[in-house]
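Peer 1: From the sequence below, what's the structure:
(one chain, ligands or ions: 1)
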Amino acid sequence: MSHSVHLTVPPKVLHTDALPNGARLGEFEIIRLLGVGGFGMVYQAYDHSLQRSVAIKEYMPTALAGRAEGVSVSIRSSLDGASYRAGLQSFVAEARLLARFDHPSLVKVFRFWEAHNTAYMVMPLYVGMTLKQARSQMRHPPPEAWLRQVLWSVLEALKLLHAQDTVHRDVSPDNIFLQDSGPPVLLDLGAARRAIGDLSRRHTAVLKVNYAPIEQYADARDMEQGAWSDLYSLAAVVHGCLANDLPLPATFRVLRDRMPSMQDVAQLAQAEHGRAYSPAFVSTLDRSLAIRPEERPQSVDDFSQALGLQTPRDMAQFDWRAEMGPGWQLSREEQARRARPGPMDLAELPTQFMYPPRQSADGLAVLDSVVDVEPRRWKMPAVLASLALASVLASAAWWAHGPEQPLPVAAVVPPAEVAVAEVLDEPITLEVVAEPVAVAKPVAKSEPRKRTVAPPPAKSARAEPRAAPVSTPSELAAHYRTSKTPQPTLCGDSNFFTRSMCMYRECQKPEFADLPVCVDNTQRLLAQQQQRR
Ligand SMILES: Nc1ncnc2c1ncn2[C@@H]1O[C@H](COP(=O)(O)OP(=O)(O)OP(=O)(O)O)[C@@H](O)[C@H]1O
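Peer 2: The predicted model follows:
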């Protein structure tokens, strides 16, 4: 297999609370900010003692804390002290746990320490991008052989954790890192996020809801978490990769499972992209996505066996772009984005005003409120212009990500050569109430934006074939063709990305199959398939 010449240039990521480039943490010099999650910031750094580049993750739950003066971190309100400390303890515990393992597919922690009201963990500097970023650049779903190699790596890491009675509980596309060369790496366990979530609201789980199995919700105490929980998340990752869409949250599926099966998704991938997925692959993933834990494979070995997973040849040299084969093509969006001039550098925009910290009763530094103090250094017209620009950019980001994604908090400026935008995926706080009805909210940043994710509309709201006494699907279709009754609107609530999957699914139903819109859709898919042959 020839090796690609692509090397990922890290995107330029900016954040008001990040350590400045050049800052020193003992022997480590901060080179640049690499990424921002809801609970930490990851920097590229240089270890002057061992003379090598590393990545350092700093505990920084930006909803609760920020940087005031120097390198120290301060909580925003004394009310957040307990949550902040719980997250800090979990961050350190996760670092300690990861430091015990040594496997090329599991993020390695070289060392960790607490200082400046926060904590740090030093990791190898991986060069590449997350699976989430990579998928957003692909025009076609990845082939089965490629997915098997990625799965193999992640499963090796999971096997190691499970053997120590540790469930990862945060397998998602942004936690699978595709190195430019080398095996995919499973990143952090998201322990700080869970600790903060558990403490800040009773009966509330802070989860990446599209990948979390039902037993990870706070109220599902009777359901044990185990290897099967990580396998659900991993299968959801593959489902998302094939469908190019977010899998439905488990809580929605419990009510009424509207998520297309792996078999549906695989059939569509074949029809639209000419990709074939084997029955063993599809059925194992379908089984792993079962809502009930006991219906899923119970261990990594069960899963691998059912899949017929073989040890790949040489993962140490794995080049994910080259292994994608000739079908590897940048998506149109990605091509267009690379052709456009880069976005404006937001480095000069104030996103928060910084003031010297006060002390809370328990000795933690507290940031002053950002709303009740007059800004000192910024002139009002400049501030208004900045806010207007920030709001335009925020709307653009919301539009680009679609309503499922919370707003990014960091400005991201992709480099000219390789435009890889870090999509900052905050976890969604999902309150589980007595009735199985879910209300999703983004974790509050400095300015929380409230959103409600309503369950998908009932199907009866979409199709209203009621006017004529027709009985068979073809009678129904003929009726729509000849009468003035409008055809039922299929997939009216889907967006650009989910529409084709939704149309495919709806048109599989006998009552819609003969509708002109479905006949057209099927003919189009067949024509595409023939063109590819
Ligand atoms: N060791 C590393 N080497 C290179 N880049 C890394 C490394 N670890 C993390 N990153 C980058 O930093 C980004 C942020 O990582 P982080 O784990 O903090 O965030 P997250 O998983 O997206 O969010 P959360 O903390 O909310 O789960 C990652 O998406 C990845 O691109």
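
Peer 1: Chain neighbours aside, what residue packs nearest to the residue in the stretch 201-350 of the chain that the ligand sits nearest to?
Peer 2: Here the stretch 201-350 of the chain gets closest to the ligand at one residue, Lys208, 7.6 Å apart by C-beta to the nearest ligand atom. Yep, even glycine has a C-beta here, placed from its N, CA and C like the rest. Distance criterion C-beta to C-beta, 6 or more residues apart in numbering; nearest residue to Lys208, sequence neighbours excluded, is Ser172 at 4.8 Å.

Peer 1: Which pLDDT value does the model give that neighbour?
Peer 2: At Ser172, the model reports a pLDDT of 96.

Peer 1: go on, Ala306?
Peer 2: So, for Ala306, pLDDT stands at 97.

Peer 1: show me what contacts the residue nearest to Lys208?
Peer 2: Taking C-beta atoms under 8 Å, 6 or more residues apart in numbering, we find Ser172 in contact with Lys132, Lys208, Asn210, Tyr211, Ser233, Val237, Asp425.

Peer 1: could you redo the last one with a cut-off of 7 Å?
Peer 2: Contact analysis of Ser172 by C-beta atoms under 7 Å, 6 or more residues apart in numbering lists Lys208, Tyr211, Ser233, Val237.

Peer 1: Between these, which has the least confident prediction?
Peer 2: Among those, Lys208 has the weakest pLDDT, 89.

Peer 1: and the protein, which residues reach the ligand?
Peer 2: Neighbours of the ligand within the chain, by C-beta under 6 Å from any ligand atom: 34-35, 37-40, 42, 55, 57, 123-126, 130, 174-175, 187-188, 190, 193, 425, 427.

Peer 1: Among these, which are located in strands?
Peer 2: Leu34, Gly35, Gly40, Val42, Ala55, Lys57, Met123, Pro124, Thr130 (DSSP state E).

Peer 1: Run through the bridge partners of the closest residue to the second one other than its chain neighbours.
Peer 2: Okay, so that is Gly35. Setting aside the residues directly before and after it, Gly35 is nearest to Val42 in space (C-beta to C-beta, 6+ apart), at 4.6 Å. Taking DSSP bridges as the rule, Val42 bridges to Gly35, Lys57.

Peer 1: Would you agree Val42 is in contact with Tyr59?
Peer 2: No: in this structure Val42 lies outside contact range of Tyr59 using C-beta atoms under 7 Å: 11.2 Å.

Peer 1: who has more neighbours, these two?
Peer 2: Tyr59 (27 against 23; other C-beta atoms under 10 Å).

Peer 1: Report pLDDT for the more buried one.
Peer 2: 96.

Peer 1: same check, this time on the one 4 residues further on
Peer 2: We have a pLDDT of 84 for Ala63.

Peer 1: List phi and psi for it.
Peer 2: phi -70, psi -30 (degrees, to the nearest 10).

Peer 1: where's it relative to Glu272, distance?
Peer 2: 39 Å (C-beta to C-beta, to the nearest Å).

Peer 1: Then Ala157?
Peer 2: Taking C-beta to C-beta, one finds Ala157 at 32 Å from Glu272.

Peer 1: quick one, which of Ala63 and Glu272 is more surrounded?
Peer 2: In terms of neighbours (other C-beta under 10 Å), Ala63 is the more surrounded of Ala63 and Glu272; the figures are 21 against 18.

Peer 1: average model confidence for stretch 25-45?
Peer 2: Mean predicted confidence for stretch 25-45 is 93.

Peer 1: Next, the buried residues of that stretch.
Peer 2: 25, 28-45 (16 or more other C-beta atoms under 10 Å).

Peer 1: just stretch 70-85 next, same as before
Peer 2: Val71, Val73, Ser74, Ile75, Arg76, Asp80, Gly81, Ser83, Tyr84, Arg85.

Peer 1: And that stretch, end to end?
Peer 2: Start-to-end span of stretch 70-85 (C-alpha to C-alpha, to the nearest Å) is 20 Å.

Peer 1: At which residues are the helices of the stretch 101-250 of the chain located?
Peer 2: 131-137, 144-163, 191-200, 227-243, 250-255 (DSSP state H, counting those that start in this stretch).

Peer 1: could you dump those to JSON lines with distance to Val13 and mean neighbour count?
Peer 2: Compiled in JSON lines, the helices of the stretch 101-250 of the chain are given as follows (distance: least, C-beta to C-beta, whole Å; neighbours: other C-beta atoms under 10 Å):
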{"stretch": "helix 131-137", "distance to Val13": "12", "mean neighbour count": "21"}
{"stretch": "helix 144-163", "distance to Val13": "25", "mean neighbour count": "20"}
{"stretch": "helix 191-200", "distance to Val13": "19", "mean neighbour count": "23"}
{"stretch": "helix 227-243", "distance to Val13": "23", "mean neighbour count": "25"}
{"stretch": "helix 250-255", "distance to Val13": "31", "mean neighbour count": "19"}
